[in-house]
Structures are given as C-alpha cells and as structure tokens.
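Pasted the sequence and its predicted model underneath.
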Number of protein chains: 2
Amino acid sequence: VRCAGAHLIIDIYDGERLDEIEHIERTLRRCIDAAGATLLHIHLHAFQPNGVSGVAVLAESHISIHTWPEAGYAALDVFMCGEAAPEACVPILREAFAAKRVAVSELLRGQGV
Amino acid sequence: VRCAGAHLIIDIYDGERLDEIEHIERTLRRCIDAAGATLLHIHLHAFQPNGVSGVAVLAESHISIHTWPEAGYAALDVFMCGEAAPEACVPILREAFAAKRVAVSELLRGQGV
C-alpha cells in the first residue's frame, strides 16, 4: 500500500490558550508546515461555553484537535503517510500551548497491506 | 473533564467500494446516526488516481477515513465523547465495505484529567 503511515496519538496536559481558535488554527498550520505535509482543507469549530475542535485534511492524511480549556487538556491525532514527519508537530504543540506534559503514542497503520 | 471519550482505531482489510466517495459519505453519516452523535461539518476529498480521505467533525469529537482502494485497505478513527456509542460504527463499516477483516483498537482519552 502506498501508505506505511505513522499515526500519533497526542495528549496535552496543563496547557494554555486552548480556547483561542485563531491560535489553534495557526498552530495546526505551523505543524503541517513543519511536518512537510500538504493542507487540503481545514475546519475549526468553537463550542459554547468553551472548547475547540478542529480537523485538517492533508494529502498525507489528517490532523485533529479537541480541547477542554477548563481542564488544560487537549486530545490530538496526527496521521501522516509518505515522506512527512509527524513527530515534528510535537515540539510545536508543546510550545504553542505551554504544555506542562505531552504524551505521545505512535500507531503504525497499513503495515503489510 | 467533560470528555471521558473512546477513540476507536479501525482498520478495514479486503474491503470494496473504497473509491466511491458518495458511498463513503453516506456510510459516515450512517455511522454518526447509529452512534447517536451530532454532525457539525463533513468534508471528503478524492485523490487521483484513487483513494478518498474524509473527516466529520462531531459535537462529540470526530470520525476520519482514508482509503487505499487498490489494496482494499482503509484506516479510520472514531473518537466520541459523552453519550455516543462509537462501537455502533463497526458493523456498519464492515457491511458497507464488505470487509473480510476489521481490526478495532480502543484508546481511552482524557481519563483522569
């Protein structure tokens, strides 16, 4: 299969700015650039009273983010196939959200298909 | 945190109709209905020469799909918080794509936050 892809499951703890939708969009775009990926479509949604969800469809797969600002928590996944470098997103996310802790798990998708 | 959510990582093997973008969109919508989730935004992209990527932003988080029709393979993730039932998507996906094998892993996100 043309995708031997890495799917990163990323949890941000004790983060800041998790209710700033424009900051979140800028951060996703920075991640995409840093990873060398190609953005096809991006959409973010602000919840009431707080929280943001966002997805970016990439030529290489996708990034998603869901934030719970009141808990300082965000759940992301970064799935990239081919030559992109999804791990390049991790330091950008850590800095952008001033996260005290970031947990990353890597799943390999489409292996041996 | 208001999300103690289940994040299902779903791999479809030896599936059919993985290049039919309208069928894929209908299937995602059926999954969302079956899970009792609320659709906020959906976007699908057809690649050349084949393959489809799609994301649905939900009030409860998201669904994504990426297909490699030539390999009969699709990589999905279904992340739903709250009262939704993400596992209800699995039999729908299996049937819609006539999958010979479906692998499902469950990640619990935002536990203890």
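Sure thing, it's come through.

Give me the neighbour count for the closest residue to residue A:30 other than its chain neighbours.
Computed as C-beta to C-beta, 6 or more residues apart in numbering or on different chains, the closest residue to residue A:30 that is not its neighbour in sequence is residue A:92, at 5.3 Å. C-beta coordinates here come from the backbone N, C-alpha and C atoms, glycine included. Other residues lying near residue A:92 total 17 when counted by other C-beta atoms under 10 Å in any protein chain shown.

which outside residues touch the top helix by length along chain A?
For chain A, the longest helix by residue count, based on DSSP state H, is helix A:21-35. If you take C-beta atoms under 8 Å, 6 or more residues apart in numbering or on different chains as the criterion, helix A:21-35 is touched by A:17-18, A:38-39, A:42, A:44, A:46, A:52, A:54, A:56, A:58, A:60, A:63, A:65, A:67, A:78, A:80, A:84-86, A:88-89, A:92-93, A:96-97.

again, but for stretch A:103-113
Contact partners of stretch A:103-113, identified using C-beta under 8 Å, 6+ apart, comprise A:1, A:3-11, A:13, A:79, A:81, A:87, A:90, B:9, B:11, B:13, B:68, B:71-73, B:75, B:105, B:107.

could you flag which of those residues are buried?
Buried subset of the contacts of stretch A:103-113 (neighbour count, 16 or more other C-beta atoms under 10 Å in any protein chain shown): A:1, A:3, A:5-11, A:13, A:79, A:81, A:90, B:9, B:11, B:13, B:68, B:71-73, B:75, B:107.

Strands - which of these land there?
Within the buried ones among the contacts of stretch A:103-113, residues falling in strands by DSSP state E are A:5-11, A:13, A:79, B:9, B:11, B:13, B:68, B:73, B:75, B:107.

Around chain B, which positions in chain A sit nearby?
With C-beta under 8 Å from any C-beta of the partner chain as the criterion, chain A meets chain B at residues A:1-3, A:5, A:7, A:9, A:11, A:13, A:40-41, A:43, A:45, A:47, A:53-55, A:57-59, A:61-62, A:64, A:66, A:68, A:70-73, A:75, A:77, A:79, A:81, A:105, A:107, A:109-110, A:113.
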